[in-house]
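Chemist: Sequence and predicted structure below; questions after.
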Amino acid sequence: MSEIAKTFAVAKKQGRAVLVGFITAGDPTPDATFDIVAALVNGGVDIIELGIPFSDPIADGPTIQASSLRALNAGVTPPMVLEMANQIASSLNVPIVILTYYNPIFKMGDEKFLKLAAKSGVSGIVVPDLPPEESTEYRKFAQKEGIDTIYLATPSTTLKRLSNIVSATRGFLYVVP
């Protein structure tokens, strides 16, 4: 059972929902990331979602776009975010989910990225621009490394496509309102 699945099982046993907290790693500064995450965990967050800043975050709104720009201007890179994840995973008892676009993964290579993510204590990854239909190889490497693949669904997702998304998803389904 994955760390994410364990977190949901514990919450279910306690009769409560799971709270996922998101921050863009490196915003406002790389050094502040750990303290922000620690405050979120101390405040009751069950799962931390660390966003890897990206130069063209088209699926994100203005707030996350601005935070990505600040983090990029601070010099944050995908390997740095995975180092931050490692520090968080080794110090705090919380599953870490990475939110990233596919380009940084593609540039590094699926297998190499996922191996590094696993070594960094990452429990799951959300890649909004990598649909399940195009991610067979990625999912194979993710499963090999014990990383949950988390996909997105919207109210306009057809029932047939939703069934495919649910079949490919591990950890939880990210529902976009």
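Modeler: Alright, I've got the coordinates.

Chemist: other SSEs contacting the longest helix anywhere in the chain?
Modeler: With DSSP state H setting the assignment, residue counts place helix 78-91 as the longest helix in the chain. In this structure, helix 78-91 packs against helix 32-42, strand 47-51, strand 96-99, helix 110-119, strand 122-126, with contacts taken as 3 or more C-beta pairs under 8 Å, 6 or more residues apart in numbering; DSSP states H and E. In this view, the C-beta of every residue, glycine as well, is placed from N, C-alpha and C.

Chemist: Paired strands for the shortest one, with orientation please.
Modeler: Using DSSP bridges, the neighbouring strands of strand 96-99 in the sheet come out as strand 47-51 (parallel), strand 122-126 (parallel).

Chemist: Report the mean confidence score over the first one.
Modeler: When you say that, I think you mean strand 47-51. Predicted confidence along strand 47-51 averages 98 (mean pLDDT).

Chemist: do you know which of the strands paired with strand 96-99 lies nearest S163?
Modeler: For S163, the closest of the strands paired with strand 96-99 is strand 122-126, at 19.4 Å, according to C-beta to C-beta.

Chemist: How about the residue nearest the centre of the chain: what's its closest non-neighbour residue?
Modeler: For the chain, the residue nearest the mean C-alpha position is I98 (2.4 Å; C-alpha atoms, centre = their mean). For I98, ignoring the flanking residues on the chain, the nearest one in space by C-beta to C-beta, 6 or more residues apart in numbering is I125 at 4.7 Å.
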